[in-house]
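Chemist: Build me a structure from this.
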Amino acid sequence: MHCFISTQSFFHSFYFSSACFTFHPFTIHSLQISPMSDDRYDDEVFFDFSPKADRRKMPLPSRPSQSPLQQSRDLSTSLSNLPGLETLTNQAGKLKDAVKKVGKKGKQKLKKDSGSREQMEDEPLMDNRMAPSPGAGDKMDKSKAAAFSKMMPTSIGWRKPRQERFDPPLYKSPPPEVEMDLTDSARPQKDMPGRRNKIAEKVMAAAFNHSERRQIGKGLVGRVLNRSYRKQRIDSEVKQQLESIEDHRPYFTYWLTTVHVVILIISLVFYGFAPIGFTYTQRRDLVLQANLVVETVGYMEPDNFWIGPRPADLIHLGAKYSPCMHRDEQVYVRLADIRREENDTGCCIRTDNAGCVQTVSSMCSTSFATFAKWSINSGPNNLRRSGPVCGQDHRTCKVPASVKPNEWPDDITKWPICKESFEDSEYPHTTCDLTGRPCCIGIDGTCKIVSQEYCDFVKGYFHPEATLCSQVDCLDDVCGLIPFGNKEKPDQIYRLWLSIFLHAGIFHCILSIIMQMTILRDLEKLAGCLRIATIYLISGIGGNLMSAIFIPYRAEVGPAGAQFGLLACLVVEVLQNYQILRNPGSALGKLLIIISALFVLGLLPWIDNYAHLGGFICGTLLSFIFLPYVYFGEFDRNRKRLQIVISTVLLLLYFMAMFIIYYLKPLRNCNWCSYFNCVPLTEDFCSNMDVRLENDELHPTR
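Modeler: Next up is the predicted model:
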């Protein structure tokens, strides 16, 4: 048997051959060791094994009980006692010293790469790079079986290819299946995938990955519009500023999107869906009227093409609606007219004792009912002209009692609700059963005396405890939320920011989420959650305030003003970084075209264009204040600092002017204002989203 073994793998074959020598005699024909040179591992050792030995079977792999270093030392001790090996051992020792010298250079290189200086000094390089052969009769583990299978002697000899020879300074990682069987001392500490949670590692790597850093002046919109830098304008100072800008996580975007989705789900669960469409949907049904007659009645309910709740429900949830936010004189003038009409009403009592209802004399049929109305000649015990009221009387009410100094006035619209009456009463209008009570209908709070069935049919707010419309506050019913501190002065000004978190429907919310997960998320990575939240909320409040001034009687929800504030951020970002952008005029023009198209879409119903305009103005000023910027020289730096001061002053002036107009000088007769918000293509295209009753007058006794 002949075997050619290069000195490159001689150190490996030494231990293996020594184990074979125990069982097979051998003759050394030649052993040549040349001086160290560039190709210092080309020398060969020729062995002639006689007689031919049978190749032993490959033992099953197993993990050694001792470390590779300890095994090699035990084998060296046992081999040193063998006769006739002194010369071979001396030559192998010289070769091992030569390999150690070469390995020191590789060790220094590995120290720089891995940073594990202590590990490299404590353990020799060869101890980490190679494992000794097992003793005779010992089992070889899987890694060593794979390593020594290439060095088994064959009948024709074998020489390892040049490119596969072992180079001590370098380390080639074993395949994964071999690496898993290595002991801790033989495995480099940096390659331990089996001990790591790969899923958690990937998640954390993605969370803290800053490879897609948000570049100022570019961002998501910049990449879509093929925006690039002018490299000749980016000097060392500008480059240092660009690198110093922090990259933030979009926490506010995720929080805001979650809040929007949760509130939409809650509103749909509790309030349901309005008819889907662009105009009105007619509702007709047989309903029991206050005259105890079943009649066919109907009303027109406004549609909602956003696929969401009714306008009245949106107001109840917190939509922007000016009559709920401050005292609107037009609303209270109308309420005063309704109260004057109610002061002239009386009690219409049916002759068959079926019931009674409060109405005017013209609505009470003389054939089937008797109309009771006080006058100066009503009797010596009653000198009042206003009244009576069906179901209550100032003379029979126990709580609250009409006694001096708290005597009820001669005006039924100022009477309180009688909570408790005396049992015995001689007045017919107090003993009859009421078939109609106050019901608040629509978003303007129209009150009518109707039956409970009719009130439920038109989705109104029925008041079974009251007898007169003047005893209920329909505006408080329509507005909901926190009751007014003074019912004559609505104070729900917090609707300016509360409506930012509401949506008119599913489609509306989807559009907002797309806007937030693209533009808002991109800007938050540049500015941070605190700055972008300030821009978003203040822009939304400023837009809703302008909307409340110009279109006060429309219920509006959604972050329209806040979203246009984000678009203003994109415009300001181009203006602030004009010097380093390639073709900045084109970039600015593309943005303005997109924003103009969105303003045109704002002419459709259910889209608040005044909120867009107010949000864009506030967003522009806030962007100059809060967005990070890059300056080009000391003059440009001072100019941008001055912009911050001017923008702050202008923002304060904007809110001062808007609040003065809203509270002190409201726009009441602005006919052209509605055309900027909606173009009336049809009769009902720009309606005020209120309920329309088919019959303006209800006839309870007909």
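Chemist: From what I see, L286 and G298 are in contact.
Modeler: No: using CB atoms under 8 Å, L286 is not in contact with G298; the gap is 10.4 Å. In this view, the C-beta of every residue, glycine as well, is placed from N, C-alpha and C.
Chemist: Look at those two and report which has more neighbours.
Modeler: The neighbour comparison of L286 against G298 (other CB atoms under 10 Å) goes to G298, with 16 against 10.
Chemist: Quick check: chain neighbours aside, which residue is closest to the more buried one?
Modeler: Nearest non-adjacent residue to G298, counting by CB to CB, 6 or more residues apart in numbering: R284, 3.7 Å away.
Chemist: mind checking pLDDT for the one you found?
Modeler: Confidence at R284, expressed as pLDDT, is 91.
Chemist: Then Q330?
Modeler: Q330 is given a pLDDT of 86.
Chemist: Next, work out how far apart it and A555 are.
Modeler: For Q330, the distance to A555 equals 17 Å [CB to CB, to the nearest Å].
Chemist: hmm, back to that, which strand or helix spans the residue nearest to G298?
Modeler: Assigned by DSSP states H and E, R284 falls within strand 280-288.
Chemist: which helices and strands does that strand pack with?
Modeler: Applying 3 or more CB pairs under 8 Å, 6 or more residues apart in numbering; DSSP states H and E, one finds that strand 280-288 makes contact with strand 294-302, helix 452-457.
Chemist: Who has more neighbours out of Q330 and A555?
Modeler: Set side by side, Q330 and A555 give different neighbour counts by other CB under 10 Å, the larger being at A555 (27 against 12).
Chemist: who's in contact with the more buried one?
Modeler: P311, A312, L314, I315, A319, K320, Y321, I443, M689 (CB atoms under 8 Å, 6 or more residues apart in numbering).
Chemist: How much space separates it from K231?
Modeler: Taken as CB to CB, the span from A555 to K231 is 52 Å.
Chemist: now, among the contacts of A555, which is nearest to L651?
Modeler: When these are compared for distance to L651 (CB to CB), K320 wins out at 20.3 Å.
Chemist: Report pLDDT for that closest one.
Modeler: 95.
Chemist: count of neighbours near it?
Modeler: When neighbours are counted by other CB under 10 Å, K320 comes out with 31.
Chemist: Quick check: phi and psi at it.
Modeler: In terms of degrees, to the nearest 10, the main-chain angles of K320 are phi -70, psi 110.
Chemist: mind listing what it touches?
Modeler: By CB under 8 Å, 6+ apart, K320 lies in contact with R495, L496, S499, N544, S547, A548, A555, E556, V557.
Chemist: how about 6 Å then?
Modeler: R495, S499, N544, A548, E556 (CB atoms under 6 Å, 6 or more residues apart in numbering).
Chemist: got any ranges where the stretch 51-200 of the chain has weak pLDDT?
Modeler: Residues of the stretch 51-200 of the chain meeting the criterion pLDDT under 70: 51-96, 98-197.
Chemist: wait, I meant the chain
Modeler: 1-96, 98-197, 202-212, 376-382, 688-702.
Chemist: wait, what's in contact with M515?
Modeler: Per CB under 6 Å, 6+ apart, neighbours of M515: Q563.
Chemist: Which element is encountered next along the chain beyond the helix or strand encompassing it?
Modeler: For M515, the enclosing helix or strand under DSSP H and E is helix 506-515. Per DSSP H and E, the first helix or strand lying C-terminal to helix 506-515 is helix 521-527.
Chemist: Endpoint to endpoint, stretch 662-673 covers what distance?
Modeler: From its first residue to its last, stretch 662-673 covers 15 Å (CA to CA, to the nearest Å).
Chemist: what comes up buried for it?
Modeler: Y662, P666 (16 or more other CB atoms under 10 Å).
Chemist: Begin at 14, not 1, for the rest of this chat.
Modeler: Yep, numbering from 14; the last one is stretch 675-686 now.
Chemist: Could you pull up phi and psi at N684?
Modeler: phi -70, psi -30.
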